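Chemist: sequence first, then the predicted structure:
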Amino acid sequence: MEQLCNKFAELIKFDSWGCYPKGYDRATHGPYDPSRYYGKPDTPFSQVKIRDLPDWFARREKGFKPFASLISRAHWRWQMRYMHPKRGTAAPLWQLIFAGMTVGYIANYARLRGHRHYKYH
Amino acid sequence: MMSIIIFPLNYWLIPSRFNLLFNKFIFILFNEFSMSIKKKNINNLMIFLSLMFFIMFMNFFSLFPYIFSSTSHLLFNLSLSLSLWLSFFIYLIYNFPINFLKHLVPLNSPKPLMNFMVIIELISLIIRPWTLSIRLSSNLISGHLILILLSNFMMNWISIIPISMMIQNMLLILEISMSMIQAYVFSILLSLYFNESN
C-alpha cells in the first residue's frame, strides 16, 4: 500500500506542489506571475501553422502536473483579465452564463431537438 | 463548479469591483447571521454562509435557459437540509437529552393537552427539513412555471407582446430577487435550528 501511495505521489509529482515552477528565477523574471508560463519559450499556439502542429504537440510536456498547471494558468489569465481589473465589468458573469447555457444545450440536445414539434410544452 | 470559477481571488492590494462587492456582501451577511447564532459557535457560521452562496448561485443560474435547475428538485434540497438537520438533531439528542425532552412540552401548557403537545412538537421538529426543501423547490418551480406560461401566451398572442414583455421583465426581476431571498431563508432557518440544538 505504501509503495502504491509513493508511486502515485511520484506520478502526480506531489513534492513539487505549491512550489514555484522550475524555470522561474526571481532575479531575471521579477515578481511571480501565476498566469505566465516560465518554461522554455516556444511558438504561441495561435501562431502555429497546421503542418507544424504534430511537432509542436510532441515538444509539449505531458502528464498530470503540466496539465494541472496549464488549467491553473488559464484560470489565472482569465481572472487577471476579467475579474481583477480595478474597474471590471459584468463580462465574466455573462461569459459564465453563456458557457453554462451552451453546455446545458449540448448535454440535453437529444431531448430538446423534438421540442419544435410539440404542441404543448 | 461554476461558482468556484467566478469566486474572486485576492491578488492585488487594491481590490477589484468584484472583490469589493463580494467582501461587502459577505460582511453584511456575516453580521446578519451572527445575530442568530450564539457567540461561542460563531466559527460554524461559515457553513451557513457558504450554503447560502451555493444555493444562491444555483438559483440564479437556473433562471437562464438550458441551465439545469437543481434547486427546484426535492432530491437535491432534501439532501442538503436533511443531512444538516439530522446532524443537529443527533447532536441535540446525544448531548442534551433532557433539554430536548423538556422542549416537547411548552411552558404553561394545560395538563390535558400535554400528550398532544408532545406529538405536535415532535411532528413540527421532524417536518423541518421537509418544509425547508419543499419551500425552496416550490418557490423556484412556481417562478419558472409563470415565466414559461407567460412566454407561451406571448407566442400565441403576437399583438400582446409589448405588454407581456414588460410583465415578464418585472417577473424576471422578481425571480432574481427571489433566488437570493430563498437562499437566505434556507440558510438562516438552518442556522436557527443549529442554534436550538446546542
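Modeler: Nice, I can see it. Numbers count the residues shown, from 1 in each chain, chains lettered A, B, ... in the order given.
Chemist: can you give me the pLDDT of the residue of chain B found nearest chain A?
Modeler: Closest to chain A within chain B is B:Y66: 3.7 Å, counting by C-beta to the nearest C-beta. In short, each C-beta sits where N, CA and C put it, glycine included. Turning to B:Y66, the model gives it a pLDDT of 89.
Chemist: just the one 5 residues further on next, same as before
Modeler: Listed pLDDT for B:T71 reads 92.
Chemist: up against chain A, what does chain B have?
Modeler: B:2, B:5-6, B:8-9, B:11-12, B:14, B:16-18, B:61, B:64-68, B:148, B:152 (C-beta under 8 Å from any C-beta of the partner chain).
Chemist: let me see the mean pLDDT of the helix or strand where B:I141 lies.
Modeler: Using DSSP states H and E, B:I141 falls within helix B:128-156. Helix B:128-156 shows a mean pLDDT of 91.
Chemist: around A:L93, count how many other residues there are.
Modeler: Here the number of neighbours of A:L93 (other C-beta atoms under 10 Å in any protein chain shown) works out to 15.
Chemist: what of B:P162?
Modeler: B:P162 has 9 neighbours, counted by other C-beta under 10 Å.
Chemist: and the gap between it and B:I173?
Modeler: The gap separating B:P162 from B:I173 is 17 Å, by C-beta to C-beta, to the nearest Å.
Chemist: in contact with the residue of chain A found nearest chain B, which residues?
Modeler: Going by C-beta to the nearest C-beta, chain B is nearest to A:G104 of chain A, at 3.7 Å. A:G104 is in contact with B:66-68, counting by C-beta atoms under 8 Å, 6 or more residues apart in numbering or on different chains.
Chemist: buried ones in the helix of greatest length in chain A?
Modeler: Taking DSSP state H as the criterion, chain A has its longest helix at helix A:91-107. Along helix A:91-107, these residues count as buried under the neighbour rule (16 or more other C-beta atoms under 10 Å in any protein chain shown): A:92, A:96-97, A:100, A:104.
Chemist: do stretch B:81-91 as well
Modeler: Using 16+ other C-beta under 10 Å as the test for burial, stretch B:81-91 gives B:81-82, B:84-85, B:88-89.
Chemist: which of these fall within strands?
Modeler: Among the buried residues of stretch B:81-91, no residue falls in strands (DSSP state E).
Chemist: helices along chain B, start to end?
Modeler: B:2-6, B:17-34, B:45-61, B:74-95, B:97-102, B:114-126, B:128-156, B:161-196.
Chemist: same question for chain A.
Modeler: Along chain A, counting by DSSP H, helices occupy A:2-11, A:26-29, A:53-59, A:64-78, A:91-107, A:109-112.
Chemist: for B:F25, find the nearest of those helices.
Modeler: Ranking the helices of chain A by proximity to B:F25 (C-beta to C-beta) places helix A:91-107 first, at 14.1 Å.
Chemist: what's the average pLDDT for the closest one?
Modeler: Mean pLDDT, helix A:91-107: 93.
Chemist: isn't B:Y184 up against B:F53?
Modeler: No: with contact defined as C-beta atoms under 8 Å, B:Y184 and B:F53 do not form a contacting pair (10.5 Å).
Chemist: now the residue of chain B closest to chain A: how far from B:S151?
Modeler: From B:Y66 to B:S151 the distance is 14 Å (C-beta to C-beta).
Chemist: and B:F48, by the same measure?
Modeler: B:F48 sits 35 Å away from B:S151, taking C-beta to C-beta as the criterion.
Chemist: show me the shaky parts of chain B.
Modeler: For chain B, residues meeting the criterion pLDDT under 70 lie at B:1-3.
Chemist: need the outlier residue of it, farthest from its centre.
Modeler: B:S159 (39.1 Å; C-alpha atoms, centre = their mean).
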